[in-house]
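Asks: Sequence first, predicted coordinates after that:
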Amino acid sequence: MAGIHDQMLVNLSFLLDIFNTFWSAGKLSRDCKEALIIPTRKQGRLANDSNSYRPIALTSISCKLMERIVLRRLTDNLGQNNLIPPNQFGFKKGHCTMDQGCP
């Protein structure tokens, strides 16, 4: 793989081991339990009104990576065990509630 060095693969393997340990224990790392919340003002809203802001949560990159791994594992498991009904369109990759249509 071009641009990927041996040490990167070793570090990724180590990180995967850590994630799998958390997965097996059913625990989250401290990183995943903390976020920096940044209030961002909505366009066209007054700065002195608290309702003019939406919170943006910044989490660690390792937490975001673990979230993606968990999502992939759960999605694969649900699909393989036919636990997602065929009429499920919302929150399903490649599907939209608009695709469902009306009876």
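Replies: Great, that's in hand. Everything numeric in this text was worked out from a predicted model, so none of it was measured. Numbering: from 1, shown residues only.
Asks: which non-adjacent residue is nearest the residue positioned nearest the centre of the chain?
Replies: Taking Cα atoms, centre = their mean, the centroid of the chain lies closest to residue 67, which sits 4.1 Å from it. Using Cβ to Cβ, 6 or more residues apart in numbering and skipping residues adjacent in sequence, the residue nearest residue 67 is residue 32, 7.8 Å away. Every residue, glycine included, has its C-beta placed from N, CA and C.
Asks: pLDDT score assigned to the one you found?
Replies: Note on residue 32: pLDDT of 84.
Asks: Look up phi and psi at residue 16.
Replies: phi -60, psi -40 (degrees, to the nearest 10).
Asks: related to what we said a few turns ago, so who does the residue nearest to residue 67 touch?
Replies: For residue 32, the contact set (Cβ atoms under 8 Å, 6 or more residues apart in numbering) comprises 59-60, 62-63, 66-67.
Asks: could you pull out the strands for this structure?
Replies: All strands of the chain, identified by DSSP state E, fall at 36-41, 53-58.
Asks: Name the strands paired with the last one and say parallel or antiparallel.
Replies: It stands for strand 53-58. strand 36-41 (antiparallel) (DSSP bridges).
Asks: how about the partner strand as PDB, C-alpha atoms only?
Replies: Provided in PDB are the C-alpha atoms of strand 36-41 (Å, rounded to 0.1, in the frame of the first residue of the first chain):
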ATOM      1  CA  LEU A  36     -15.400  20.000  23.900                       C
ATOM      2  CA  ILE A  37     -18.700  21.800  23.300                       C
ATOM      3  CA  ILE A  38     -18.500  24.800  21.100                       C
ATOM      4  CA  PRO A  39     -21.600  27.000  20.700                       C
ATOM      5  CA  THR A  40     -22.000  28.100  17.100                       C
ATOM      6  CA  ARG A  41     -24.400  30.900  16.300                       C
END
